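Q: predicted structure and sequence below. I'll ask about it afterward.
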Amino acid sequence: MPTVSGLSHLVISVNDLDKMVEFYRDVMGLEITHQHPGHMAFLTSDRTVEDHEIGLFTGREGDSNVLVHHCWRVASVADAKAFYQHLRKHEVPIKHCVSYAYPWIGESTVSCYFEDPEGNNVEIQAMVSLDPNIPDRTACVIDFDQSVEEITARAQRLVPAPLAARV
Ligand SMILES: [Fe+2]
């Protein structure tokens, strides 16, 4: 059975984005790595280790939908593919599989998003080295039915493909 190697980040829905960003930046001491004012912000304690440890998204209604998703690190693309197959075998609802470029750490992601039994969104994520010519926040869809070598090559080059939202 594939295993995870740790928790990467949490993303939560918020009522007051500015107030929450100020808290995590000024009180908790985190650094903003990416933001769309009025919509979302990513913050981290060390951008060389994690692009974002917490994501803050607008859209919270009252006390509901606080957690957007939680992400678990896996050690390799082979493990991510094994996880994908494991999820399929257990008929876990898979939402989408994507890769995102993080040029400042020279890596890109290989991620699969799925639902737990109560409908919470979960992500598993492996990292691969990134072609240094790929621009920030480039993304592409990942097909886990491809070989590990094909998935890795695609994530390293990241053929641009616009996505509705980064999660
Ligand atoms: Fe994520």
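A: Arrived safely.
Q: quick one, phi/psi of the residue nearest to D116 when sequence neighbours are not counted?
A: Spatial nearest neighbour of D116, chain neighbours left out: V122 (5.5 Å); criterion: CB to CB, 6 or more residues apart in numbering. To be clear about C-beta, it is placed using only N, CA and C from the backbone, and glycine gets the same treatment. Phi and psi for V122, reported as degrees, to the nearest 10, are phi -130, psi 150.
Q: again with V77
A: V77 has phi and psi values of phi -60, psi -40 when expressed as degrees, to the nearest 10.
Q: in this structure it contacts V148, no?
A: Yes: counting by CB atoms under 8 Å, V77 does reach V148; the two are 5.2 Å apart.
Q: more crowded one of those two?
A: Shown here are V77 and V148; by other CB atoms under 10 Å, V77 has more neighbours (23 against 16).
Q: okay, now the sheet partners of the lowest-mean-pLDDT helix or strand in the chain, with direction.
A: Using mean pLDDT, DSSP states H and E, the weakest-scoring helix or strand in the chain turns out to be strand 67-73, at a mean of 84. Each strand paired with strand 67-73, and its direction, by DSSP bridges: strand 6-14 (antiparallel), strand 121-129 (parallel).
Q: and the residue nearest to D116, how many residues sit next to it?
A: Counted by other CB under 10 Å, the residues lying close to V122 total 17.
Q: surely it and C112 touch.
A: No: using CB under 8 Å, V122 is not in contact with C112; the gap is 9.0 Å.
Q: quick one on the thing from earlier: which ones are touching the residue nearest to D116?
A: By CB atoms under 8 Å, 6 or more residues apart in numbering, the residues touching V122 are H69, H70, C71, W72, Y113, F114, E115, D116.
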